[in-house]
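Colleague: With the sequence up front, the predicted model follows.
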Amino acid sequence: SFLCVGIVASWMSLTTLLVLWPLFVKRHFGWGDEEYSMLLLGESIVSTASLTVAPMVQRRFGIRLPRATAFAVGGVSAAVAFLPQEGVGAGWHVVACLTLIASAVFCDPGLQAEASLCLPKRHHGRVFGLFSSLKAIGAMLGNRIGTLLYARSVAG
């Protein structure tokens, strides 16, 4: 069940970030479409790099330690990225957001693989439906929680 919570949490984080990012950077940094497109390029590069290095890191350090580290780093990054922005440069925000994305993307395949091993073999075919449902729950929570967080950042 911890693995399922991890899948929901990683998709909730990604959804919150990617849906609200253009509003956030426009309001706090005055960025427009061109800057946001660069952020999306950075997101693609970081996601690809994270997926590429994950197997190497896991071979060297095992499965659970890198994933736990990625979750912790992602949590700290989320806090740094969305703290009140007065006096905080856009660079810190971008680095923290890209780190959060890398952390979430790093964790996702490993969580799914480990969760699938926890089920009896007769349920392995159904596990993909379960993962899709968990990701959808995470996306819904991300939209709702992200909206609340954005409203708070605007009010504060």
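Modeller: Sure thing, it's come through.

Colleague: element containing the residue lying closest to Leu134 once chain neighbours are set aside, please.
Modeller: Distances taken as Cβ to Cβ, 6 or more residues apart in numbering put Ile7 closest to Leu134, at 4.5 Å, once the chain neighbours are dropped. Every C-beta, even on glycine, is put in place using the N, C-alpha and C of the backbone. Assigned by DSSP states H and E, Ile7 belongs to helix 2-29.

Colleague: buried sites along that helix?
Modeller: By 16 or more other Cβ atoms under 10 Å, the buried positions in helix 2-29 come out as 3-4, 6-18, 20-22, 24-25, 28.

Colleague: Thr52: neighbour count?
Modeller: Thr52 is flanked by 9 other residues according to other Cβ atoms under 10 Å.

Colleague: ditto for Gln112
Modeller: 19.

Colleague: The residue of the chain most remote from its centre and Leu111: what is the separation?
Modeller: Here the chain reaches farthest from its C-alpha mean at Arg122, the gap being 30.9 Å by Cα atoms, centre = their mean. Note on Arg122: its distance to Leu111, by Cβ to Cβ, to the nearest Å, is 21 Å.

Colleague: the helices in the protein, which residues?
Modeller: Ranges of helices within the chain are 2-29, 33-61, 64-81, 90-117, 127-155, based on DSSP state H.

Colleague: can you list these in TSV and add mean pLDDT?
Modeller: Shown next, in TSV, are these (pLDDT from 0 to 100):
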stretch	mean pLDDT
helix 2-29	80
helix 33-61	92
helix 64-81	86
helix 90-117	84
helix 127-155	82
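
Colleague: and the residue nearest to Ala81 when sequence neighbours are not counted, what does it touch?
Modeller: Sequence neighbours aside, Ala96 is the residue nearest to Ala81 in space, at 3.6 Å (criterion: Cβ to Cβ, 6+ apart). Residues counted as contacts of Ala96 (Cβ atoms under 8 Å, 6 or more residues apart in numbering) are Ser77, Ala78, Val80, Ala81.

Colleague: ok, now with 6 Å
Modeller: Ser77, Val80, Ala81 (Cβ atoms under 6 Å, 6 or more residues apart in numbering).
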